[in-house]
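**Q** Fold the following and give me the result.
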Amino acid sequence: MTENSRYIRFDWAIKRILRDKANKKVLEGLISVLLKEPVTITEILESENNKIRREDKDNRVDVKAKTGKGEMIIVEVQLTKETDFFNRILFGTTTAINDQISIGQDYSVIKKVYSINILYFDFGKGDDYAYHGYMEFHGMTKEGSVLSFNSENEQKYATKTFNRVLPPEEVFPEYFLLRVNQFNEVAKTPIEEWMAYLKDGIIKDDTKDPGLQEAREKLAFMKMTDQERREYRDYMVSVHAAQDAIDTAKSDGYEEGYYEGIEKGMEKGMEKGVEKGIDQEKKAIAQKMKAKGMPVEMIADMTGLADEEIAKL
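**A** Have a look, this model is predicted:
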């Protein structure tokens, strides 16, 4: 892939670029593909998980958005494994629900919450790369019976939702899990095109998906400023270093410590892995820059390597 055809990886873009309402078309495209209906974002809400730090120790970022129908969308990116992952996304949706209502208000003010989770780690044992879950009530004694609203509730909800009766699955939270590492298909459908972008930063020249068309304009690597490109490279170094830390922890026998919260056993593996990963990634970047004839001074400034180290590459 050439520099001119490179696109910023989604996890960095959602942290730095896509939280701007001016870029909402990109997020609208992804959400619309998953929900299988057009979605219009009217508001992007700040979340404390979006705090930008040089060292992204939590390896996750999320953005909250509100649609024209008042529904809440939570888009979350997770780079490394977390043992209480399901508990955390449940907490996120319940918090979003609780924040919608004040004491004394009618419960009908509560709008649906969608939780979209983009996972850059191996999760679960299913053979698909995309999963969708929502609430349904199934009969325990009569197979095939699915509970719907009774006539009293139908009248109440029909009045308050533009004469459209809402079944339970349109009231309870809805979850999407996109397992990026498990995607190995040729991108033909909109969801496959999005997965290809999420995994490898690839956007087809002839894509018809409005969100990806917008991403081509907003997220092109060469359209960023020099400072933005340096920040992006720095971020990718930290991502690779974190992954290398996991691999080192596994080989050194600290995997259990890592997955229990980076506690005692992981501390040694993480320290060793981060140091090794950052050094390797800096040298790899420096080699590419040197091969393109960039001045040693510039390479040293962008990678932090000494002139002598660069000369040996």
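
**Q** center of this structure - which residue?
**A** For the chain, the residue sitting closest to the mean C-alpha position, by Cα atoms, centre = their mean, is V77 at 2.4 Å.

**Q** what about that one, distance to T42?
**A** Here the criterion is Cβ to Cβ, to the nearest Å. By it, V77 lies 22 Å from T42. Yep, even glycine has a C-beta here, placed from its N, CA and C like the rest.

**Q** Just say helix, strand or coil for the residue nearest to the centre of the chain.
**A** Each residue gets one of three states, and V77 gets strand by DSSP: H, G, I helix; E, B strand; the rest coil.

**Q** Go ahead and name everything in contact with stretch 297-313.
**A** Here stretch 297-313 makes contact (Cβ atoms under 8 Å, 6 or more residues apart in numbering) with R230, R233, K282, K283, I285, A286, Q287, M289, K290, V296.

**Q** Quick one, which of those are buried?
**A** Buried subset of the contacts of stretch 297-313 (neighbour count, 16 or more other Cβ atoms under 10 Å): R233, K282, K283, I285, A286, M289, V296.

**Q** Name the helix or strand for the fourth one, please.
**A** The reference is to I285. Of the helices and strands defined by DSSP states H and E, I285 is found in helix 264-291.

**Q** Pull out the buried positions in stretch 98-110.
**A** With burial defined by 16+ other Cβ under 10 Å, the residues of stretch 98-110 counted as buried are I110.

**Q** How far off centre is it?
**A** Taking Cα atoms, centre = their mean, to the nearest Å, one finds stretch 98-110 lying 29 Å from the centre of the chain it belongs to.

**Q** Would you mark the buried spots in stretch 26-44?
**A** Within stretch 26-44, the residues that count as buried by 16+ other Cβ under 10 Å are 26-35, 39, 41, 44.

**Q** how about the residues you listed, which pair is most distant?
**A** Across the buried residues of stretch 26-44, the longest distance by Cβ to Cβ is 18.5 Å; it joins V33 and I44.

**Q** Past the helix holding I285, which element shows up next along the chain?
**A** Secondary structure here is assigned by DSSP H and E; on that basis, the next helix or strand after helix 264-291 toward the C-terminus is helix 296-303.

**Q** wait, is R229 part of a helix?
**A** Yes: secondary structure assignment places R229 in a helix (three-state DSSP).

**Q** wouldn't it be in contact with A220 here?
**A** No: in terms of Cβ atoms under 8 Å, R229 does not count as a neighbour of A220; the distance is 11.1 Å.

**Q** And E76, how far from E82?
**A** Taking Cβ to Cβ as the measure, E76 and E82 are separated by 11 Å.

**Q** What of T189?
**A** Distance from T189 to E82, counting by Cβ to Cβ: 29 Å.

**Q** if you count what's nearby, which of the two comes out ahead?
**A** Remark: of T189 and E82, E82 carries more neighbours, 19 against 11, as counted by other Cβ atoms under 10 Å.

**Q** didn't that one look like it was pressed against N117?
**A** No: taking Cβ under 8 Å as the definition, E82 is not a contact partner of N117, at 10.9 Å.

**Q** Tell me the spacing between the residue lying closest to E185 once chain neighbours are set aside and K125.
**A** For E185, the nearest residue in space outside its immediate sequence neighbours is E192; the separation is 5.4 Å by Cβ to Cβ, 6 or more residues apart in numbering. Between E192 and K125 the distance, using Cβ to Cβ, works out to 22 Å.

**Q** Could you do F183 as well?
**A** Applying Cβ to Cβ, the value for F183 to K125 is 16 Å.

**Q** List the residues that contact the residue nearest to E185.
**A** Applying Cβ under 8 Å, 6+ apart, the residues contacting E192 are F183, E185, V186.
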